[in-house]
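**Student:** Dropping a prediction and its sequence here:
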Amino acid sequence: MRPGEWIAYSPRRIIPPTREPFPVLAISGYLAFTAAIMLAVIASEAASNRPAVGLLAVSLPALAAWLYIESIGWAGPELASRIVHRAVVAVALGFSLAGFLTVIWSFSRLAVFAIVLETSVWYLAISGLSYLREEPDSRR
């Protein structure tokens, strides 16, 4: 036995697995950013931005639910918890991204097309690289 291995077998020194705080911090930052964008759009009082405010407002409760799920570690291996977790994440990201694109669309339609085009190109590039990295036997 090497030094330090006794810790794993000692009945007194059971170290619980720790959950990394990154998802909670990232989601809370994203929630704050979404709320700030929504408040900025409301403050601008532009009539063309009303759909964006609605989309961003719908995403806020879903983002808060996602933050709560991640902070308490609620999602487990059960099918129902995975379905709820994925549904909350899909609603949160879907409505917030649609709201962001609607905000950008009201200021510059060309910027939205550039964002969609750039996202598509990055997706194709990443997919192509992952396909090329696969083993030749797994492609059959």
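**Tutor:** Sure thing, it's come through.
**Student:** Can you give me the neighbour number for I37?
**Tutor:** 17 (other Cβ atoms under 10 Å). C-betas here are computed from N, CA, C, even on glycine.
**Student:** how about it, what does it touch?
**Tutor:** Under the criterion of Cβ atoms under 8 Å, 6 or more residues apart in numbering, the neighbours of I37 are L56, G99, F100, V103.
**Student:** swap in F100?
**Tutor:** Contacts of F100 by Cβ under 8 Å, 6+ apart are I37, A52, L56.
**Student:** quick one, helices of the protein?
**Tutor:** With DSSP state H as the criterion, the chain has helices at 6-9, 22-44, 50-72, 79-107, 109-133.
**Student:** Could you break this structure into its assigned domains?
**Tutor:** Split into domains by automatic domain parsing, the chain comes to 18-107, 108-140.
**Student:** mean pLDDT for these: which is lowest?
**Tutor:** Across those, domain 108-140 has the smallest mean pLDDT, namely a mean of 79.
**Student:** Closest to the centroid, which residue in this structure?
**Tutor:** L93 (6.1 Å; Cα atoms, centre = their mean).
**Student:** ok, now how distant is that one from R86?
**Tutor:** L93 sits 11 Å away from R86, going by Cβ to Cβ, to the nearest Å.
**Student:** start to end distance for stretch 105-113?
**Tutor:** 9 Å (Cα to Cα, to the nearest Å).
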